[in-house]
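In: Have a look at this prediction, sequence included:
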Amino acid sequence: MGDSRLEPLMLSEAERLTLQGWAKRRTTTQGLAKRARIVLMCARGLSNTAVAARLDTDRGTVRRWRTRFQQDRLDGLSDEPRPGVPRTITDAQVEEVVVRTLEEVPEGATHWSKRELARKAGISPTSVLRIWRAFGLQPWRTENFKISPDPLLIDKIRDVVGLYLAPPANAAVFAVDEKPQIQALERTAPVLSMVPGTPERRSFDYVRHGTIDLFAALNTATGKVIGKLSAQHRAVDSRDFLDKIDRQTDPGLAVHVICDNLSAHKAPVVHPRFQPHFTSTYSSWINQVERWFAELEQRCLKRGVCCSLDELKAPLEDWIKIWNEEARPFKWTRTRAPHLVPGAGLFVVVGCAAPLREQIACDHGRRRVFRPVERECPAPREMQGQGARSRQVKNRQVGAARTA
């Protein structure tokens, strides 16, 4: 029964549909769903007392949400922003944490821990961690890089990448390398199979039953691999492998071979049909066959148990056969990268042709070049003032170049 003293609550069709959705949807919070039901019943002309009785609540709650809806409509049913706790960490303390992290090291150590820095700054370790997080600082982490001293670095990269992006007509391009010293390892205890909740387990120590070398040539156009097992990887063994590639390649095609700077590859015994293209020093990442070796290691060798060299040869030959049955070329992607200049200990490529101005990356490893960027980072809760909804802290991050 309605109450004539109450102002009638009228709903538009859109508001009614929204409220009904909030009231019925399973993902709606219970508080919002209850408020939507209160408004829907009030819109039917029921009094506050009747609505409170049907929804098992009190009249004050019904009156509050009726009034809020009449004033602010749908927005009035949402929770108002709460002021939160008073700020406990000053800007000076935040600056001290950041400056100490970047410019100082603790006595007798190489980097700060959150507890050690918290004692110096007079705040909690959790607060230090939140400040680090807000500014993107991770003093416990380190990364390695290697600068190539090859004087022909740019020319060699341009040459090799050109073969990937625009291979010559009437020619086959092979990425060639060897994986030496593949060990036939036997675990000192039987391997324990995986069971629900427990991964496969192996003993840490092992018995080695010899090693073998694998020569591999990856056809960059088809993804198929030509392989050869050898007891050594001398220059004559490399020449024998090139003869095998020659026999399995269409005689009408020219053959381009991408290889590294191993002395066996530069020996005088070079195949007359093949045109070699050498990668730059410390740049094996650019040779696509290395990606295939990584796949071989992860899926065939890493968890294998072999009691003899014969037991090692069989899975290697089977792996190459199975791979070639469903071979696909590796997909190389190019993402835009800025031009850098030499200096600051960073590896830099300058003056490359247009395709090389973009970053070269493959599934095996990425060569990333970062430039200084400025981004907005949320501040820790302790850094937010009374009544503040959010606070943004600017942080300038200077990246480094990863080289393989």
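Out: Done, it's in.

In: Tell me which stretches of the stretch 51-200 of the chain form helices.
Out: 59-72, 91-103, 114-121, 125-135, 153-165 (DSSP state H, counting those that start in this stretch).

In: what residue ranges in this structure are flagged as low confidence?
Out: For the chain, applying pLDDT under 70 flags the ranges 1-6, 81-82, 263-271, 332-404.

In: most neighbours per residue, which of the helices of the stretch 51-200 of the chain?
Out: helix 125-135 (a mean of 19; mean count of other CB atoms under 10 Å). Yep, even glycine has a C-beta here, placed from its N, CA and C like the rest.

In: what's that helix packed up against?
Out: helix 91-103, helix 114-121, strand 373-378, strand 392-397 (3 or more CB pairs under 8 Å, 6 or more residues apart in numbering; DSSP states H and E).

In: just the angle between the first one and helix 125-135, please?
Out: Translated: helix 91-103. Helix 91-103 and helix 125-135 are oriented at 70 degrees to each other (axes from the mean of the first three to the mean of the last three CA atoms, to 10 degrees).

In: Tell me how many other residues crowd the closest residue to residue 311 other than its chain neighbours.
Out: Leaving out its chain neighbours, the residue that sits closest to residue 311 by CB to CB, 6 or more residues apart in numbering is residue 184, at 6.7 Å. Using other CB atoms under 10 Å, residue 184 has 21 neighbouring residues.

In: Verify the contact between residue 184 and residue 212 for me.
Out: Yes - because the distance of 7.4 Å satisfies CB atoms under 8 Å, residue 184 is recorded as touching residue 212.

In: Mind listing the shared neighbours of those two?
Out: 309, 312 (CB atoms under 8 Å, 6 or more residues apart in numbering).

In: Please enumerate the strands of the protein.
Out: 171-187, 206-219, 225-230, 254-259, 274-278, 333-336, 358-361, 373-378, 392-397 (DSSP state E).

In: So which of those strands is nearest residue 156?
Out: strand 274-278 (6.2 Å; CB to CB).

In: And the closest one, what does it pack against?
Out: Contacts defined by 3+ CB pairs under 8 Å, 6+ apart place strand 274-278 against helix 153-165, helix 235-247, strand 254-259.

In: want to throw those into TSV with distance to residue 109?
Out: Formatted as TSV, those follow (distance: least, CB to CB, whole Å):
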stretch	distance to residue 109
helix 153-165	37
helix 235-247	48
strand 254-259	44
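
In: among these, which is nearest residue 73?
Out: Judged by CB to CB, the one of those that comes nearest to residue 73 is helix 153-165, at 58.5 Å.

In: Which neighbouring elements make contact with that closest one?
Out: strand 254-259, strand 274-278.

In: That helix versus strand 274-278: what angle between them?
Out: 130 degrees.

In: from the helices and strands packed on helix 153-165, which stretch is densest packed?
Out: When the helices and strands packed on helix 153-165 are scored by mean count of other CB under 10 Å, the highest mean neighbour count falls to strand 254-259 (a mean of 20).
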